[in-house]
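Engineer: curious how this folds, go ahead:
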Amino acid sequence: MSLPAAPLGAGPDEFLTWEREQTERHVYFRGEVFAMSGGTPRHSALSATILSLLRLPKGPCHVHTSDLRLGVANDHFVYADAVMVCGPVELRPGTTDVLTNPSVIVEVLSKSTEAYDRGEKQAAYLALPSLRHFLLVSQRELRVEVYTREADARFRYDIHRAGARVLLTEPTVSFAVDELYDGMFALPGD
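Structural biologist: Numbering: from 1, shown residues only. Next up, the predicted model:
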């Protein structure tokens with residue numbers, strides 16, 4: 001995340017109205033507005049590849065790009081690199097573009113945003129009752145970290161590296177770490 005954008009001094013609804021008119025995307029966190037920075041070719045390619053690996057041939061799940069805004073709290077709006085929703089889409093009341101019930105969220109880590117992705121953003125994601133899996137995808141090594149909600153509502157944490165397979169349940173999706181990273185390190189990253 002970059003330095004704060006011009007302060008709006010506005011609440012969540014005013015932010016959403018303002019942001020829809022902007023050419024760049026922004027994060028809203030407890031009254032503060034932050035402009036989002038662009039990604040590297042490796043970041044973009046990893047995001048695109050994970051979207052294709054998550055896509056299910058049939059079923060009630062849909063995969064969405066980073067264009068879909070997430071409402072992770074009443075005062076916290078973000079964009080993830082990939083999102084899957086299983087079942088009917090639930091939107092913030094009064095909006096047509098703020099998703100509130102993601103089942104799977106993926107963040108491709110960048111040096112500039114990693115602390116936020118692992119901190120406040122991760123905490124907000126894991127607090128969502130609908131979330132079943134949260135994935136952190138490294139740009140610097142073959143490494144996919146997966147948080148999986150267990151039956152007791154706690155999250156199990158697993159690290160998958162070269163030669164391993166990532167297995168998600170609810171929905172059932174499986175892919176090889178090597179498949180995700182095929183050719184990625186030939187692209188510029190951070």
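Engineer: okay, which residue is most central for this protein?
Structural biologist: Here the mean C-alpha position of the chain is nearest to the C-alpha of Ala80 (Cα atoms, centre = their mean), at a distance of 2.7 Å.
Engineer: chain neighbours aside, what residue packs nearest to it?
Structural biologist: Ile105 (4.8 Å; Cβ to Cβ, 6 or more residues apart in numbering). Every residue, glycine included, has its C-beta placed from N, CA and C.
Engineer: any idea how far Pro41 is from that neighbour?
Structural biologist: 22 Å (Cβ to Cβ, to the nearest Å).
Engineer: tell me which of those two has more neighbours.
Structural biologist: Ile105 (26 against 12; other Cβ atoms under 10 Å).
Engineer: got the buried residues for the lowest-mean-pLDDT helix or strand in the chain?
Structural biologist: Within the chain, confidence by mean pLDDT, DSSP states H and E is lowest for strand 32-35 among all helices and strands, at a mean of 84. Of all the residues in strand 32-35, those buried under the rule 16 or more other Cβ atoms under 10 Å are Val33, Phe34.
Engineer: next SSE downstream of that strand?
Structural biologist: helix 41-54 (DSSP states H and E).
Engineer: quick check: the residue nearest to the centre of the chain touching Ser103?
Structural biologist: No: the pair Ala80 / Ser103 is not scored as a contact, 12.0 Å apart, by Cβ atoms under 8 Å.
Engineer: any weak-confidence spans in the protein?
Structural biologist: 1-9, 57-58 (pLDDT under 70).
Engineer: try 90
Structural biologist: Residue ranges of the chain with pLDDT under 90: 1-11, 13-15, 17-27, 29-39, 55-60, 74, 112-113, 170-171, 190.
Engineer: list phi and psi for Tyr181.
Structural biologist: As for Tyr181, its main-chain torsions (degrees, to the nearest 10) stand at phi -90, psi 0.
Engineer: check contacts around it.
Structural biologist: For Tyr181, the contacting residues are Leu46, Leu142, Ala162, by Cβ atoms under 8 Å, 6 or more residues apart in numbering.
Engineer: redo that, cut-off 10 Å
Structural biologist: Arg42, Ala45, Leu46, Thr49, Val137, Ser138, Gln139, Glu141, Leu142, Arg143, Val144, Ala162 (Cβ atoms under 10 Å, 6 or more residues apart in numbering).
Engineer: with neighbour count added, can I get these in a markdown table?
Structural biologist: Formatted as a markdown table, these follow (neighbours: other Cβ atoms under 10 Å):
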| residue | neighbour count |
| --- | --- |
| Arg42 | 21 |
| Ala45 | 20 |
| Leu46 | 26 |
| Thr49 | 20 |
| Val137 | 25 |
| Ser138 | 17 |
| Gln139 | 22 |
| Glu141 | 9 |
| Leu142 | 17 |
| Arg143 | 17 |
| Val144 | 22 |
| Ala162 | 11 |
